[in-house]
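Undergrad: quick check, what structure comes out for this input:
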Amino acid sequence: MDAPTTTRAAEAADGLGATDTRRRQAQDTPDTAPTGESGTPAGGSGALAGGSGTPTGGSGTLAGASGTPADGSGTPEEGCGFPGASVDTLLVRRSLAEIAPVADAMTSYFYALLFIRHPGLRELFPAAMDAQRDRFLQALLAMAERLDDTPALTAYLGNLGRRHRAYGAHATYYPAFGEALIGALARYATESWGRETEAAWVRTYTRISQIMIDAAAEDERRGPAWWQGEVVSHELRTPDVAVVTLRPDQPYPFLAGQYTTVETPWWPRIRRPYSFAAAPRPDGLISLHVKAVPAGWVSHALVHRARPGDVLRLGPPAGSMTVEHGTDTGLLCLGGGTGIAPIKALVEDVAEHGDRRPVDVFYGARSGHDLYAMETLLRLQRTFPWLSVHPVTEEQGRLPEAIGRFGSWAERDAYLAGPLGMVRRGVDVLRGAGVPVERIRHDFPAELDPVDQPRSGACMARTPSMLPSR
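TA: Alright, predicted model coming up:
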């Protein structure tokens, strides 16, 4: 599938028209410098860098940038639109709000500083940087939202740190990113910038970079940063959708509902996320559903060029859109286009665990011809009486709204996978139908998680990276 379609800017999603053009390009066009679910090398350190601090030798901290606690002068007034936020959080958010109108210029300046001061880091990033800059900004905003929520911040940044490890980022890179970040903010946040704001950013960056470094170190103790996967099967389901089956070179542990990042030999350092299309198999093989999207270098290579015998590079599994098997709560699953891949995997996972709770799958596409996985789903429905499959095409209306014709879902755990637009509408429809936000799982946390709502682990699947998502 094109990006964990349950994810943040799925590789575009399946031609359902719900994902805007910019998102599609961000998911599968080459980013100029490596950035990850977000702006430095895909998987790289994701650290921010900027002006005054100097590297402190790899711990991720900055020195010399007014790193002592603010003395209180110039402290933002209480409230400032963020009631209950700490002083550092208020200062960080205020500076980000100021640079919003010039965000493109600020992120461009950030990368210019980074590459001029540390030219060796340029090779970590893809050739085209537009999408990378967008991801970097998204990562900053997502981090700022979570600053006063330590569990959410740790989960978000931990995922980022593990991804950056897969992209080749090292702990020693973080100070460089921090320096460039401080420098860029000082240049563009002129009204809010001062000694206290700089000190708040230094403390904040030191904190977030250390969380990412620690997560990467823990991940290194558990397994490799990447795997080699040989293509053993390549099946075209439609002219632009392929099912690609891989044999990893060593055991690859993952859960149904998760995703991986894929790098092809034809586009080095350009990586894209794809959800697993099946639950873990005894033979260790992995299946992905890939849709070739406009201007999608990686997706076009996987659909139209890859053949058995080709070797791809896989990042570690990520995402938490997984099933909790300690409960009998029913599932409501919405899959749009290749977003049906992780939904199919979840159904197989429920079956393998012997669960008999009700599962309703709504599978949407433009036309019946585009419902390429329908035969497989109907076969599963005939096998498992607890499973109900509902195909939805454009003639019947849009996918999220269609669920309202089939009753109430307030007591279900909901899973959404597909284009960002579809997932956004689905979240709105489900919340309007009484489904608690903490029981709605998807992989677009940065785009859809409201600041004032709790973020369950299930909604932390994909995080925008500060490194390239290649």
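Undergrad: touching, Leu181 and Ile208? I think so.
TA: No. In this structure Leu181 lies outside contact range of Ile208 using Cβ atoms under 8 Å: 10.5 Å. Just so you know, the C-beta spots here come from the backbone N, C-alpha and C atoms, and that holds for glycine as well.
Undergrad: next, give phi and psi for Val92.
TA: Val92 adopts backbone torsions of phi -60, psi -50, taken as degrees, to the nearest 10.
Undergrad: Arg146 is in contact with that one, correct?
TA: No. Using Cβ under 8 Å, Val92 makes no contact with Arg146, being 11.2 Å away.
Undergrad: list the buried residues in the longest helix seen in the chain.
TA: Ordering each helix of the chain by length in residues (DSSP state H) puts helix 195-222 first. Residues of helix 195-222 classed as buried: 196-216, 219 (neighbour count, 16 or more other Cβ atoms under 10 Å).
Undergrad: what do you get for stretch 371-379?
TA: Leu371, Tyr372, Ala373, Thr376, Leu377.
Undergrad: pLDDT on that stretch, on average?
TA: Across stretch 371-379, the average pLDDT comes to 95.
Undergrad: re the thing from before, elements contacting the longest helix of the chain?
TA: strand 62-63, helix 87-99, helix 150-166, helix 174-188 (3 or more Cβ pairs under 8 Å, 6 or more residues apart in numbering; DSSP states H and E).
Undergrad: all strands for the stretch 201-350 of the chain, in order.
TA: Here the stretch 201-350 of the chain has its strands, by DSSP state E, counting those that start in this stretch, at 227-238, 241-248, 259-263, 271-275, 286-291, 311-314, 331-336.
Undergrad: next, the buried residues of the second one.
TA: Residues Val241, Ala242, Val243, Val244, Thr245, Leu246, Arg247, Pro248 are the ones in strand 241-248 that count as buried (16+ other Cβ under 10 Å).
Undergrad: report how many residues lie close to Pro294.
TA: 13 (other Cβ atoms under 10 Å).
Undergrad: how close does it get to Asp240?
TA: 10 Å (Cβ to Cβ, to the nearest Å).
Undergrad: ditto for Gly368
TA: 16 Å.
Undergrad: ok, Arg382 next?
TA: Counting by Cβ to Cβ - Arg382 and Asp240 are separated by 28 Å.
Undergrad: compare these two (neighbour count), which wins?
TA: A count of neighbours by other Cβ under 10 Å puts Asp240 above the other of Arg382 and Asp240, at 18 against 10.
Undergrad: related to what we said a few turns ago, quick one, the longest helix of the chain and helix 87-99 angle?
TA: 100 degrees (axes from the mean of the first three to the mean of the last three Cα atoms, to 10 degrees).
Undergrad: any regions of the stretch 351-470 of the chain where pLDDT drops low?
TA: In the predicted model, the stretch 351-470 of the chain carries pLDDT under 70 at residues 445-470.
Undergrad: so which residues of it form helices?
TA: Along the stretch 351-470 of the chain, the stretches classed as helices by DSSP state H, counting those that start in this stretch are 374-383, 399-402, 420-432, 445-448.
Undergrad: nearest to Tyr167, of those helices?
TA: Nearest of the helices of the stretch 351-470 of the chain to Tyr167, taken as Cβ to Cβ: helix 445-448 at 17.9 Å.
Undergrad: format the buried residues of strand 241-248 as CSV; extra columns: distance to Phe406.
TA: CSV is the format used below for those (distance: Cβ to Cβ, whole Å):
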residue, distance to Phe406
Val241, 26
Ala242, 31
Val243, 28
Val244, 33
Thr245, 33
Leu246, 36
Arg247, 39
Pro248, 39
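Undergrad: which of those sits closest to Ile440?
TA: Among these, and counting by Cβ to Cβ, the member closest to Ile440 is Val241, at 26.5 Å.
Undergrad: report pLDDT for the residue nearest to that closest one when sequence neighbours are not counted.
TA: Of all residues not flanking Val241 in the chain, Lys291 sits nearest, at 4.9 Å (Cβ to Cβ, 6 or more residues apart in numbering). Per-residue confidence (pLDDT) for Lys291: 95.
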